[in-house]
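Q: Turn this into a model:
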Amino acid sequence: MAEIYNFLASYEALIYIVLAIGGLFSFRWLWRSWRESQTAVYTMEREFSSRRLGQSAAISMLITVLFCAEFFAATFIIPGLPSNALIPTPTLDLISTPTGTLSPASMTQFANLPPQPISSADLIGCTANQIMLTSPTPGQEVQGTITLVGTVNIPNFGFYKYEVAPLGSSTWATISAGREIVVNGNLGEWITNALTPGDYQLRLVVTDNQGVALPACVVPVRVVP
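A: Down below sits the predicted model:
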């Protein structure tokens, strides 16, 4: 429904113009059909003129209803909606691969980077009750398929994604993403089997419905065979 209101608000002037032009032709057709029905003499001529009159009346009525609906929505409904209701959520197209695993190219790129020791076990950029990764914990050793647990709950929420990079690297690869608010729950899964054992940083990025990414929550982890 928000998409419909957004369309009606964005193209209000154009809609009025199109309806006005359509109404001009339909009411002209209605007037001519009515005149023909009044002057018709023969039976077939009257039937034909009556059919044209009915069609023109139906189209004129439809245009009138559409005009009234646009006026009512633009005047009474749309002004009362919160501003964020008319802002579409950005299209989610962030998955690196359909299964949520990293691509072979990313694996090769990561494998060529030298491992970095974990120097800090502190969370970076996380905000309690809003943007938080609670599992895995900082410095935790992970292997196989793990479930990420955390919280993404901000005002005007849009979507979230979680990414991975070798520790000390700025080369991030998206693992997976989601569009639902989560409070201390399952954010998704991470398959670590294809990664070269070593130290990595896992980050959770949340974007609001205006397309603004908030500071990421970063957790250092260690992938083991």
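Q: show me where pLDDT drops low in the chain?
A: 1-2, 79-123 (pLDDT under 70).
Q: Just give me the longest helix of it.
A: Longest helix in the chain, counting residues (DSSP state H): helix 43-72.
Q: Where do the helices of the protein begin and end?
A: 2-10, 12-39, 43-72, 104-111.
Q: Turn these into a markdown table, including distance to Tyr162 and mean neighbour count.
A: The way it works is simple: take the backbone N, C-alpha and C, and place the C-beta from them, glycine included. Shown next, in a markdown table, are the helices of the chain (distance: least, CB to CB, whole Å; neighbours: other CB atoms under 10 Å):
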| stretch | distance to Tyr162 | mean neighbour count |
| --- | --- | --- |
| helix 2-10 | 27 | 13 |
| helix 12-39 | 40 | 14 |
| helix 43-72 | 43 | 14 |
| helix 104-111 | 14 | 14 |
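Q: Tell me which of the ones you listed lies nearest to Thr207.
A: helix 2-10 (17.8 Å; CB to CB).
Q: Can I get the helices of the chain in CSV including distance to Pro136?
A: Formatted as CSV, these follow (distance: least, CB to CB, whole Å):
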stretch, distance to Pro136
helix 2-10, 36
helix 12-39, 50
helix 43-72, 53
helix 104-111, 18
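Q: Between those, which one is closest to Asp208.
A: helix 2-10 (15.4 Å).
Q: What would the closest one look like as PDB? C-alpha coordinates only.
A: Taking Å, rounded to 0.1, in the frame of the first residue of the first chain, the C-alpha atoms of helix 2-10 are listed here in PDB:
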ATOM      1  CA  ALA A   2       2.900   2.400   0.700                       C
ATOM      2  CA  GLU A   3       4.100   1.900  -2.900                       C
ATOM      3  CA  ILE A   4       0.600   3.000  -4.200                       C
ATOM      4  CA  TYR A   5       0.600   6.100  -2.000                       C
ATOM      5  CA  ASN A   6       4.100   6.900  -3.000                       C
ATOM      6  CA  PHE A   7       3.100   6.700  -6.700                       C
ATOM      7  CA  LEU A   8       0.000   8.800  -6.200                       C
ATOM      8  CA  ALA A   9       2.000  11.500  -4.400                       C
ATOM      9  CA  SER A  10       4.900  11.500  -6.800                       C
END
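Q: angle of it against helix 12-39?
A: Orientation check (axes from the mean of the first three to the mean of the last three CA atoms, to 10 degrees): helix 2-10 against helix 12-39 gives 80 degrees.
Q: Remind me what helix 2-10 packs against, helices and strands.
A: Judged by 3 or more CB pairs under 8 Å, 6 or more residues apart in numbering; DSSP states H and E, helix 2-10 is in contact with no other helix or strand.
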